[in-house]
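Asks: Structure, please.
(one chain, ligands or ions: 2)
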Amino acid sequence: MSASVTVRVPAKVNVQLAVGAARPDGFHDLANVFLAVGLYDEVTVTAADELRVTCDGPDADQVPLDRTNLAARAAEALAERYGRTPDVHIHIAKDIPVAGGMAGGSADGAGALLACDALWGTGASRDELLDICAELGSDVPFSLVGGAALGTGRGEKLTTLEVGGTFHWVFAMADRGLSTPAVFREFDRLGEGTDIPEPLASQALLDALAKGDPDALAAAVSNDLQPAALSLFPELADTLAAGRAAGALTALVSGSGPTTAFLARDPESAAKVAEALRASGTCRTVRTASGPAPGATVIG
Ligand SMILES: C[C@@](CO)(OP(=O)(O)O)[C@H](O)COP(=O)(O)OP(=O)(O)OC[C@H]1O[C@@H](n2ccc(N)nc2=O)[C@H](O)[C@@H]1O
Ligand SMILES: Nc1ncnc2c1ncn2[C@@H]1O[C@H](COP(=O)(O)OP(=O)(O)O)[C@@H](O)[C@H]1O
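Replies: Ligands and ions are numbered 1, 2, ... in the order given. Next up, the predicted model:
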């Protein structure tokens, strides 16, 4: 048995995020169409005397290193299920922005789970791993699976989607994060007194993904959390406008934000949009990435 395992896990963008009314448990039912994109965290677990988390990368100072870290919680959950102690050093090489609406914490949770499973040789089934992921957070199952998927319930019940091509994206990272619960609360506040329809996946959007057609996808994307994110972070409107003016096929907030996502027709056009966004002074950093990307994968 190797004493160290590394897993690579992708970020996500939500190409559709339809949000229903708040449920009695405080969560919201969703029709959440996830697309994994090629921006990755790498999680390495090494046998150690006790559970410990370290992190490096541009946003490392914003990552909690205690037992609230989703990677630590994943190791504890798997250890508990298999009656052992979670005695590992977890190192996160973080490239996914923190509190950015790209599921970075969820990626680390899924990565640590898969890495500990391989290190300890538990023999857990895929379904068991997915159950633990769902306990850790609504987005965590998708980080394990990757590709493209429709998430229903609170986003944890996944149906894999076919994707007929590669989509080219530009992501603009903001200079501060947004709290996911705060954005859902703002969604509730903005919707007070209105009828919130049941969230349903758009057939036009699923067809666009299946065809790999960027124009059709651009016409179909939607994010019900976008007004709430813009209400809490109005400057994001300038970033969205800058990307649209630079020729993006569409511009939207990724999940609960504040990262903004821009779909481009091809890699050349993505590079142009990225350059214009950098020059616009409306965001902290700009990255290009394409999707679908594979889910959590053992790389060493
Ligand atoms: C909005 C989305 C879209 O993919 O992602 P992010 O933008 O945060 O990356 C997700 O629904 C976030 O999923 P995740 O970050 O795993 O959330 P969780 O830990 O399960 O929940 C955090 C909090 O978000 C709210 N929440 C989350 C999911 C959901 N379906 N309804 C909710 O109301 C609840 O207030 C909950 O307490
Ligand atoms: N491994 C982790 N990486 C990043 N944030 C984490 C991690 N574990 C827990 N968190 C907490 O989760 C919050 C949300 O982070 P993140 O998952 O990056 O954003 P989002 O939910 O917007 O996709 C962070 O502010 C942080 O407090």
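Asks: Now do the strands in the stretch 201-300 of the chain.
Replies: Taking DSSP state E, counting those that start in this stretch as the criterion, the stretch 201-300 of the chain carries its strands at 222-223, 250-253, 260-264, 285-291, 297-298.
Asks: Deepest-packed of these, please.
Replies: Each of these was scored by mean neighbour count; the highest is strand 260-264, a mean of 28, by mean count of other C-beta atoms under 10 Å. C-betas here are computed from N, CA, C, even on glycine.
Asks: Off-centre distance for that one?
Replies: Counting by C-alpha atoms, centre = their mean, to the nearest Å, strand 260-264 is centred 15 Å from the centre of its parent chain.
Asks: Please enumerate residues in contact with that strand?
Replies: Applying C-beta atoms under 8 Å, 6 or more residues apart in numbering, the contact partners of strand 260-264 are 13, 167-172, 174, 214, 217-218, 221, 236, 239-240, 243-244, 246-254, 270, 272-273, 277, 283.
Asks: so what's residue 85 up against?
Replies: Contact analysis of residue 85 by C-beta under 8 Å, 6+ apart lists residue 79.
Asks: neighbouring contacts of stretch 290-300?
Replies: Contacts for stretch 290-300 (C-beta under 8 Å, 6+ apart): 4-10, 13, 35-38, 40, 42, 107, 110-111, 113-115, 118, 142-148, 163, 166-169, 267.
Asks: Any of those buried? List them.
Replies: Neighbour-count burial (16 or more other C-beta atoms under 10 Å) applied to the contacts of stretch 290-300 gives 5-10, 13, 35-38, 40, 42, 107, 110-111, 113-115, 118, 142-148, 163, 167-169.
Asks: Point out the ones among those that are inside helices.
Replies: The members of the buried ones among the contacts of stretch 290-300 that map onto helices under DSSP state H are 107, 110, 111, 113, 114, 115, 118, 142, 143, 144, 145.
Asks: now the contacts of strand 260-264: which count as buried?
Replies: By 16+ other C-beta under 10 Å, the contacts of strand 260-264 give 13, 167-172, 174, 214, 217-218, 221, 236, 239-240, 243, 246, 248-254, 270, 273, 277, 283 as buried.
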